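In: turn this into a model:
(chains A and B)
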Amino acid sequence: NAGVTQTPKFQVLKTGQSMTLQCAQDMNHEYMSWYRQDPGMGLRLIHYSVGAGITDQGEVPNGYNVSRSTTEDFPLRLLSAAPSQTSVYFCASKDRAHSGNTIYFGEGSWLTVV
Amino acid sequence: LAKTTQPISMDSYEGQEVNITCSHNNIATNDYITWYQQFPSQGPRFIIQGYKTKVTNEVASLFIPADRKSSTLSLPRVSLSDTAVYYCLVGSASKIIFGSGTRLSIRP
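Out: Okay, here's the model as predicted:
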């Protein structure tokens, strides 16, 4: 059971470049989300999705786009990378959007923007 | 999600029992209380969940008083490997905001 899978694990970008962080879950979860975590800090919600075709903004959405064309996948796109986006990115999912059920996290994607 | 308040950091020693308290004054009737643990360079992982009174599993215990306005995560006989950040979440909203959590440091 793979759970939540993120790729790539490590990436270095130049300022202004764009890229997509991939996230896939094989648990048929309705809810998916993306967080970023800067060194020594807590998790900050970027975007989330309560089901295929539905996305919404979190706490820090600027500079990022998401889409949810399938239940399984929730890619995060950096439109024009900036050094301030250097961070660890975590994708998460849970079975139903409005439930207190367990949230499952991926292993993280380390992004450095130079 | 209900707003939660936790201590920013705690220190303890190996073999001690550690109790981390979370305040959640605005908890709703149907809200569950869930605790997550995050090790460095890893995503958070579920530890324990409860609704009232006491819940125990192989990792921790969760104590919830009758008014449910707070909860206490209890880690028995901690070891160095329990050094992590612990997050308390209350409720079931779709916009899940994690607080800063409690940074627990265990010393030999």
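In: and stretch B:61-74, what's buried?
Out: B:Ser61, B:Leu62, B:Phe63, B:Ile64, B:Arg68, B:Ser70, B:Ser71, B:Thr72, B:Leu73, B:Ser74 (16 or more other C-beta atoms under 10 Å in any protein chain shown). Where you see a C-beta, it was placed from the backbone N, CA and C, and this is true even at glycine.
In: out of those residues, which are inside strands?
Out: Those of the buried residues of stretch B:61-74 mapping onto strands are B:Ser61, B:Leu62, B:Phe63, B:Ile64, B:Ser70, B:Ser71, B:Thr72, B:Leu73, B:Ser74, per DSSP state E.
In: for A:Lys14, state which of those is nearest.
Out: Proximity of these to A:Lys14 (C-beta to C-beta) peaks at B:Leu73, which lies at 43.1 Å.
In: B:Ile27 touches B:Gly91, doesn't it?
Out: Yes: between B:Ile27 and B:Gly91 a contact is recorded at 7.5 Å, counting by C-beta atoms under 8 Å.
In: common neighbours of these two, please.
Out: Taking C-beta atoms under 8 Å, 6 or more residues apart in numbering or on different chains as the contact rule, B:Ile27 and B:Gly91 both touch B:Ala2.
In: how many neighbours does the closest residue to chain A within chain B have?
Out: Here the residue of chain B nearest chain A is B:Gly43; by C-beta to the nearest C-beta that distance is 2.9 Å. Using other C-beta atoms under 10 Å in any protein chain shown, B:Gly43 has 22 other residues around it.
In: touching, it and A:Phe105? I think so.
Out: Yes: with contact defined as C-beta under 8 Å, B:Gly43 counts as touching A:Phe105 (2.9 Å).
In: need the overlap of contacts for these two.
Out: Counting by C-beta under 8 Å, 6+ apart, the common neighbours of B:Gly43 and A:Phe105 are A:Phe90, A:Ala92.
In: OK, contacts around residue 15?
Out: With no chain named, the answer covers chain A. So A:Thr15 contacts A:Ala81, A:Ala82, A:Pro83, A:Val113, A:Val114 (C-beta under 8 Å, 6+ apart).
In: actually it's chain B I care about, not the one you picked
Out: B:Arg77, B:Val78, B:Ser79.
In: can we see that at 6 Å?
Out: Contact analysis of B:Gly15 by C-beta atoms under 6 Å, 6 or more residues apart in numbering or on different chains lists B:Arg77.
In: ok, it to A:Ala2 distance?
Out: The gap separating B:Gly15 from A:Ala2 is 37 Å, by C-beta to C-beta, to the nearest Å.
In: contact partners for the residue in chain A that chain B sits nearest to?
Out: Residue nearest to chain B within chain A: A:Phe105 (2.9 Å; C-beta to the nearest C-beta). Applying C-beta under 6 Å, 6+ apart, we find A:Phe105 in contact with A:Phe90, A:Ala92, B:Gly43, B:Pro44.
In: repeat that for A:Asp73.
Out: Per C-beta under 6 Å, 6+ apart, neighbours of A:Asp73: A:Ala24.
In: state the distance from it to B:Ile33.
Out: For A:Asp73, the distance to B:Ile33 (C-beta to C-beta) stands at 31 Å.
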